[in-house]
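> let's see this in three dimensions:
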Amino acid sequence: MATATSDTLQNAAQSAKDQIAQQKDGAAASLGNLAGALRKAGHEAGGDGSAAHMADWAADGLERVSQTLRSNDLNGMMRQVESFARSQPVAFFFAAAAAGFLATRFIKAGAQPSQGDSPGIAGGMGGGLRRDAGGFENSGDAIGKTDVSSTIPF
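Numbering: from 1, shown residues only. Next comes the predicted model:
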């Protein structure tokens, strides 16, 4: 029985590693495409100005990250992250906090709206919430109560 459980755990771990490797390869390709698009947009919009220079600089950084993702396996990347965390703990802490913040923002941006945020859903006597020009929710009734909690950016 212990062998069957061990085999199941090993299969699950291998499956997770395979999925992470696929995601890593997809992210590398996406970053490479984004770098190319950024470089092209910078040259088309700004010519030789500072905007084109900034676009090139950002595109170079994205291409380096993309190449790093393509060329390293997961274990190698984990060793590099551990090495960086040991040598620069403060920078690692802030980078991890920024990554967590960005991940949270992306997750919230992609989340389905809750029932209260959906227009047209009957809410009380007003018959559904609608956003006015200022981004506030308005129930549409004669009083026009505003939900201030929806104005918080995060």
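> neighbouring contacts of the helix or strand hosting Met54?
Using DSSP states H and E, the element containing Met54 is helix 50-71. Residues from elsewhere that reach helix 50-71, judged by CB atoms under 8 Å, 6 or more residues apart in numbering: 24-25, 27-29, 31-32, 34-36, 38-39, 41-43, 45-46, 77. (C-beta placed from N, C-alpha, C; glycine too.)
> show me those residues that map onto helices.
24-25, 27-29, 31-32, 34-36, 38-39, 41-43, 45-46, 77 (DSSP state H).
> out of the residues you listed, which end up buried?
Lys24, Ala28, Leu31, Gly32, Ala35, Leu38, Arg39, Gly42 (16 or more other CB atoms under 10 Å).
> residues contacting the third one?
Right, the one you point to is Leu31. So Leu31 contacts Leu62, Glu63, Val65, Ser66, Leu69 (CB under 8 Å, 6+ apart).
> chain neighbours aside, what residue packs nearest to Arg39?
Closest residue in space to Arg39, ignoring its immediate chain neighbours: Ala59 at 4.0 Å, by CB to CB, 6 or more residues apart in numbering.
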